[in-house]
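Novice: one predicted model, sequence on top.
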Amino acid sequence: MEPPLEPTRAPADEVEPPHPARVTQWRGLGRRLLRGLVDVALPPACMACRAAVDEPGCLCGQCWSRLSFIAPPFCDRLGTPLPYGFGDGRLLSPAARDAPPAYGKARAVAEFGDVARDLIHALKYADRLDIAPPMGRMMARAGADILADAQALVPVPLHRLRLWRRRFNQSAALAGVIGRAAGLPVRAGWLDRQRATVPQVGLDRAARARNVQGAFAVPDMAKGELRGRRLVLVDDVLTTGATIDACVKALLRAGAGRVDVLVFARVADGPEAPIS
């Protein structure tokens, strides 16, 4: 009686590797399983109010409806909403005509209301870096027109003492997300906060301007690099414009060709008729 035949095995160097499509399929399945486990342990929550939502990094229906998105018509210079427009031309608010800012154009995702304030405060004061990516992507969409012509992003800097206490710069975190979305470099070293200032919260317009006067400067080593460049200054919020104005003027004095501004939220002016 002949012994049973042993199964033949291909030499090790002849074993076919798994098909790339199958590897991708298994990896996708693994990610979905891991995501499911994370969702069970830490259910997705609204970025603003922490109510349950279907996906992480989003707002619940109520917060979404309360976020006052800025959409056309808006002032082409200030980015503030306007009650009505005239055709498809560039619209300027009376404020932009009577007191034009130092920057070229400003763009914002939304008006500074309850939900926008909650998001910004969560990012700045509650270490909610997890909401920086969705906020930054929203900013990239809102500022698409100014980003298309830009050559670099410059985040509003923190003084080193405040950076040490907070451990991160929220403007730089947002700029990093925007830079990846728009394919633009982030140049955090092109603007420096030379002296510590008191928080702007609670100060009136004049006090805010005095508080940041002379606070920002471009390091000598960066002046040659930014000369003639079209820049977008990135911050979380634009209120009276004192901080933004001081930063923009410092960049322009150092030789920047143009500076636009991109923020998540801005304080809108009162109802104004557009000037075309």
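Specialist: Received it, and whenever you're ready, just let me know what you need.
Novice: was I right to think residue 215 contacts residue 191?
Specialist: No. In this structure, residue 215 is not within contact of residue 191 by CB atoms under 8 Å, at 10.6 Å. Heads up, the C-betas are built off the backbone N, CA and C, glycines and all.
Novice: of those two, which one has the most company?
Specialist: Shown here are residue 215 and residue 191; by other CB atoms under 10 Å, residue 191 has more neighbours (24 against 19).
Novice: tell me the contacts of the more buried one?
Specialist: Residues in contact with residue 191 (CB atoms under 8 Å, 6 or more residues apart in numbering) are 154, 155, 156, 157, 216, 217, 218, 222, 247, 250, 251.
Novice: against residue 55, how distant is it?
Specialist: To residue 55, residue 191 is 35 Å away according to CB to CB, to the nearest Å.
Novice: do the same with residue 266
Specialist: Residue 266 is 27 Å from residue 55, by CB to CB.
Novice: settle it for me: which of the two has more neighbours?
Specialist: residue 266 (26 against 8).
Novice: show me where the protein has strands.
Specialist: Using DSSP state E, the strands assigned to the chain run over residues 106-111, 152-155, 192-193, 216-217, 230-238, 258-266.
Novice: which of those strands sits closest to residue 67?
Specialist: Closest approach to residue 67 among these (CB to CB): strand 106-111, 5.2 Å.
Novice: what is that closest one packed up against?
Specialist: On a contact count with 3 or more CB pairs under 8 Å, 6 or more residues apart in numbering; DSSP states H and E, strand 106-111 meets helix 132-142, strand 258-266.
Novice: where do the domain boundaries of the protein fall?
Specialist: 20-66, 67-266 (automatic domain parsing).
Novice: so which of the ones you listed is the most packed in?
Specialist: domain 67-266 (a mean of 18; mean count of other CB atoms under 10 Å).
Novice: okay, how far is it across that domain, tip to tip?
Specialist: The stretch domain 67-266 measures 12 Å between its terminal residues, going by CA to CA, to the nearest Å.
Novice: run the chain-centre distance for it.
Specialist: Counting by CA atoms, centre = their mean, to the nearest Å, domain 67-266 is centred 9 Å from the centre of its parent chain.
Novice: what sits against residue 122?
Specialist: Contacts for residue 122 were tallied using CB under 8 Å, 6+ apart; they are 47, 48, 128, 131.
Novice: equivalent analysis for residue 181, please.
Specialist: Residues near residue 181 by CB under 8 Å, 6+ apart: 136, 137, 140.
Novice: residues contacting the last one?
Specialist: When you say that, I think you mean residue 140. Applying CB under 8 Å, 6+ apart, the residues near residue 140 are 147, 177, 178, 181, 182.
Novice: what pLDDT does the closest residue to residue 160 other than its chain neighbours get?
Specialist: Once flanking residues are discounted, residue 160 sits nearest to residue 193: 7.8 Å by CB to CB, 6 or more residues apart in numbering. Model confidence at residue 193, expressed as pLDDT, equals 88.
Novice: for the one 10 residues further on, same thing?
Specialist: Looking at residue 203, its pLDDT stands at 65.
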